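S.K.: the sequence and its predicted three-dimensional model are supplied below.
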Amino acid sequence: MTGEQIIFLIVALFTLGSALMVVTTRNLIHAALWLVATLFGVAVIYALLNAGFMAVVQVVVYIGAIAILFIFAVMLTRKDLRDNTPQTNKNWWAGALVAVLTFAGLVFTLQGWSGFSKTAAAIPSGFDAISQLGEQLTSPAAYVLPFEVASVLLLAALVGAVYVAFNKK
Amino acid sequence: MNFWNDPLKVAATWLEGIFTGWGMDAVLAHVLVVFLGVFLLVTILMVLDIFLVWIERKVVARFQDRIGPNRLGPFGLIQPFADIIKLIIKEDTTPDGADKVVYNLAPILSMMSVLILWAVVPLAPVMLGIDLNVGVLFLIAAGAIGTLSIIMAGWSSNNKFAMIGGFRQVAVMVAFEVPMLAMLMIPTIFASSMNMNAIIEAQNIWYFIISPLGALIFLVAAIAELGRAPFDLAEGESELVAGFNIEYSGMKFGMFYAGELLHAFTFGGFWAILFFGGYRFFGLEQVSPFLAILILVIKAMVGYWVIMWVKYTMMRIRIDQMLGFNWKFLTPLSFALVLVTALMNTLLRGADSWLYVTGMFLSNVVVGWIALEIARSVARRERERLEGPTKVVEAQH
Amino acid sequence: MNEWLYVALFIVVGLIIPIGAIAAGFIFGPKKPNPIKQSTYECGIEPVGEAWIQFKAQYYIFALVFLVFDVEAVFLFPWAVKLGQLGLYAVIEGIIFVSILVVGLVYTWRKGMLEWV
């Protein structure tokens, strides 16, 4: 096992463990903080994959903005929601079954995929991923339309959120 | 290659030679040497931090027409060490009902978010920071962890003031992150790279000269990000007593305090790197790496001094004014500036360098002037709406 | 070697130093807690009620507006990196991209959501 694989296993375990804590902890702020840990673990995995831009964006957008938004949303509630009601209802086995079946399905489908056994090709020296991304995002032959549509999507999100909040007021 | 031309490489090769001589794996030896280097850098930063306490106190004293610490040692230089000893031997109290883990984690993360910023700082031509091609975004990512630490401190203290202070501070920090992100785009456009090293190397002309407005907005956003006056809502002594760190004492408080000072100095450094050429100063940086570091530190100190100057001159402004200022003025202005810069940069590409510099400078001035005119006329209309039209006083005999 | 390893080293050292400082404070500082000392500070009077107070919805709105602009800026960074080698069309694309979001900011402003009331 190479050092990189050991690091990956540790990070993956950390990410999964904190994801489990998000859904099991009873304190909402703790859940939000565990979510931050999960998202940070994902950022580390991006960094391990040499996707530096994705790793930084993961931290900037998910930890810097979305986690903060979650915490603000939790603080809007009146009381700390530490209740003692059970966290699952009597249909928990159905959910567990669907989860296991989905996982089994994924494993089954991906079994034939050759990508697992391949090692990633070395990145050619002087290759700048961000520069490539910038070119692809602006080139009319590539992804300029999705780039502009992303702006429309963000606009829709903003207008929708403001509209909902405005009507509640 | 001798020690005075390239000290890091010489020291690293020497140490790696020793470690591999002991039969250590080459990769492991390399990692260990880098670890020691990072440890050394961070230790130097912490020592510098101790002197920043002294500098801050001396400068505020001069601004307020006082002398400042002058009893312990020459010019009071030993005073900060006395402060440290006091912080260490003070009792660490944990308030009732505090969330212990989060409460103890917050000061550590706060300090860490500042220290990792130095990972991307190029100190000298031979001592570049980590060669990240996302350098400028790394700044914001580290800031995100700092923001989180403030929320954690405010929430876990089980104190209403801490909570309000922390949340206000976070609202301000996230708001001013938008103009800061926009202003980080300006050096990126000029240098065609987000790498700090590339940005410095591309600065044959200081970016301050071709984008003065950008440098100014970056400074304002940086001060807000630091939570210093006039944006120090989290502290607000008169209304919130101390803000998010109210329940902290001893070394945990010390971490917040030291982190704030080092953060201010670091942002002085980033201001120098992004807009004032970093370690470059008319070719002097090529003479010796130590001179290059000295140049960077002096430039960072000047930036830090400007931040202190603003802090001790301006009054604290209210949170509604601050958020209004950001969202209604600074954010539209900074995006307009980015677009104008992008347009001018494309139009003037290939032009003579004097034409390029003049064109960029003038476009900045025009954008700033238009923004101020709009703000002025809006403010006048607002005033007239509230107070009625201004009466013209006729001259009497 | 992956340059993020160096960042990881910075994070590790950045955690060790403050932990060491706080540990020093823990070792050398006195530990004599008492109920008065442990109570939270509230300007000298006994703390009233819980610290978990309800916050204004305004915080949420501002965080939401921030989120949208944050994502927008992140999208613009690759554009800014490549801009030096691209023609005028890329600038126009950027202008369109930002203008669409400015509509959102103006809408939020006109609805009075940018007021801290």
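M.R.: Arrived safely, thanks for sending.
S.K.: near chain A, anything from the particular helix or strand that has residue B:269 in it?
M.R.: Residue B:269 belongs to helix B:250-275 when assigned by DSSP states H and E. No - Helix B:250-275 lies out of reach of chain A by C-beta under 8 Å from any C-beta of the partner chain, never closer than 15.8 Å. Heads up, the C-betas are built off the backbone N, CA and C, glycines and all.
S.K.: any idea how far whatever helix or strand residue B:139 lives in is from the middle of the chain?
M.R.: Assigned by DSSP H and E, residue B:139 belongs to helix B:135-156. Distance of helix B:135-156 from the chain centroid (C-alpha atoms, centre = their mean, to the nearest Å) equals 13 Å.
S.K.: same question for stretch C:24-40.
M.R.: 31 Å.
S.K.: is that stretch in proximity to chain A?
M.R.: No - applying C-beta under 8 Å from any C-beta, one finds stretch C:24-40 out of contact with chain A, separated by at least 15.6 Å.
S.K.: kindly report the same for stretch C:98-107.
M.R.: Yes - Stretch C:98-107 is in contact with chain A by C-beta under 8 Å from any C-beta, via C:98, C:100, C:101, C:103, C:104, C:105, C:107.
S.K.: quick one: is that stretch near chain B?
M.R.: Yes - using C-beta under 8 Å from any C-beta, stretch C:98-107 comes into contact with chain B via C:98, C:102, C:105.
S.K.: thinking again about what came up before, other SSEs contacting the helix holding residue B:139?
M.R.: With contacts taken as 3 or more C-beta pairs under 8 Å, 6 or more residues apart in numbering or on different chains; DSSP states H and E, helix B:135-156 sits against helix A:28-48, helix A:52-57, helix A:67-75, helix B:100-115, helix B:160-191, helix B:196-201, helix B:250-275, helix C:57-82.
S.K.: residue B:112: which of the residues of stretch C:98-107 next to chain A is nearest?
M.R.: residue C:101 (33.0 Å; C-beta to C-beta).
S.K.: for the strand or helix carrying the closest one, which positions count as buried?
M.R.: Using DSSP H and E, residue C:101 sits within helix C:88-110. In terms of neighbour count (16 or more other C-beta atoms under 10 Å in any protein chain shown), helix C:88-110 has its buried residues at C:90, C:91, C:93, C:94, C:97, C:98, C:100, C:101, C:104, C:105, C:108, C:109.
S.K.: enumerate every residue touching the residue of the stretch 101-250 of chain B found nearest chain A.
M.R.: Residue of the stretch 101-250 of chain B nearest chain A, by C-beta to the nearest C-beta: residue B:144 (3.0 Å). The contact partners of residue B:144, by C-beta atoms under 8 Å, 6 or more residues apart in numbering or on different chains, come to A:59, A:60, A:63, A:64, A:65.
S.K.: tell me which residues of the helix holding residue B:269 are tucked away?
M.R.: B:250-275.
S.K.: out of those residues, who's near chain C?
M.R.: Among the buried residues of helix B:250-275, the ones lying near chain C by C-beta under 8 Å from any C-beta are B:250, B:251, B:252, B:254, B:255.
S.K.: who's in contact with the nearest residue to the last one once chain neighbours are set aside?
M.R.: Nearest in space to residue B:255, with sequence neighbours left out and distances taken as C-beta to C-beta, 6 or more residues apart in numbering or on different chains, is residue B:107 at 3.8 Å. Residues counted as contacts of residue B:107 (C-beta under 8 Å, 6+ apart) are B:149, B:153, B:248, B:252, B:253, B:255, B:256, B:259, C:18, C:22.
S.K.: which of those lies closest to chain A?
M.R.: Scanning these for proximity to chain A, where the rule is C-beta to the nearest C-beta, the winner is residue B:149, at 10.9 Å.
S.K.: next one: the closest one from residue C:24, what distance?
M.R.: Distance of residue B:149 to residue C:24, given as C-beta to C-beta, to the nearest Å: 20 Å.
S.K.: between the two, who's got more neighbours?
M.R.: residue B:149 (26 against 16; other C-beta atoms under 10 Å in any protein chain shown).
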